[in-house]
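coordinates only, sequence not included:
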């Protein structure tokens with residue numbers, strides 16, 4: 001039992017020292033490229049850097065991904081799930097649809113402060129993208145369309161909001177969200193998000 005206990009402790013220490021030891025090749029590539037694409041930029045990140053920092057062999061990488069674009073698609077898919085999940089967790093205490101939409105701006109402050117106003121991963125990658133990378137553009141459009149749909153759906157939860165009104169108001173709120181993200185990235189401050197939140201409150205009341 002003592003030997004087993006020591007082996008367990010050693011394994012836990014190794015996991016603490018080398019977190020990616022728990023991940024398979026594909027997951028390590030996605031995790032590494034996610035950090036590099038978001039913080040360094042898509043064009044500025046090369047395959048060799050991803051391979052080196054993920055600690056995988058080139059042959060192993062190509063078993064999972066045919067190109068850097070395919071890695072970026074996997075990164076954006078994972079990021080979408082993470083981003084929407086954190087949004088839902090942040091606004092879970094709000095009971096009304098309008099309350100959840102307004103609470104979205106609180107999430108923006110929390111998220112953008114945490115990443116030092118690096119901005120939106122989808123906006124960033126689109127501006128840094130070769131023209132022929134259609135699969136990445138499709139993922140960016142998908143995320144934005146899903147966020148737009150989410151806003152519409154939240155507004156429809158309120159009984160006094162009709163379908164057409166929810167779409168019109170939702171699109172106006174969506175523009176406030178996107179504009180706040182971009183301007184906060186430029187200014188490196190929260191005030192654009194706070195201003196957009198106040199505009200949203202006036203719009204929905």
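Cool, got the structure. Quick caveat, the model's predicted, so the values are computed rather than measured.

what does stretch 80-88 contact?
Contact partners of stretch 80-88, identified using C-beta atoms under 8 Å, 6 or more residues apart in numbering, comprise 104, 107, 111, 121, 139, 142, 143, 146, 147, 150. Just so you know, the C-beta spots here come from the backbone N, C-alpha and C atoms, and that holds for glycine as well.

just those residues: which are in helices?
Among these, the residues falling in helices (DSSP state H) are 104, 107, 111, 121, 139, 142, 143, 146, 147, 150.

could you flag which of those residues are buried?
Buried members of the ones in helices among the contacts of stretch 80-88, counted by 16 or more other C-beta atoms under 10 Å: 104, 107, 111, 121, 139, 143, 147, 150.

next, the contact list for the fourth one, please.
So that's residue 121. Applying C-beta under 8 Å, 6+ apart to residue 121 gives the contacts 37, 38, 76, 79, 83.

tell me which helix or strand the fourth one sits in.
Remark: residue 79 resides in helix 68-90, with elements defined by DSSP states H and E.

re earlier: closest to residue 52 among the ones in helices among the contacts of stretch 80-88?
Checking the ones in helices among the contacts of stretch 80-88 against residue 52 with C-beta to C-beta, the nearest one is residue 121 at 22.0 Å.

any idea how far that closest one lies from residue 99?
Residue 121 sits 27 Å away from residue 99, taking C-beta to C-beta, to the nearest Å as the criterion.

and if you look at residue 164?
21 Å.

the two: who's more crowded?
More neighbours surround residue 99 than the other of residue 164 and residue 99, with 16 against 8 (other C-beta atoms under 10 Å).

which helix in this structure runs the most residues?
Longest helix of the chain, by residue count under DSSP H: helix 163-187.

please name every helix or strand in contact with that helix.
Helix 163-187 is packed against helix 97-114, helix 121-127, helix 134-156, helix 191-204, with contacts defined by 3 or more C-beta pairs under 8 Å, 6 or more residues apart in numbering; DSSP states H and E.
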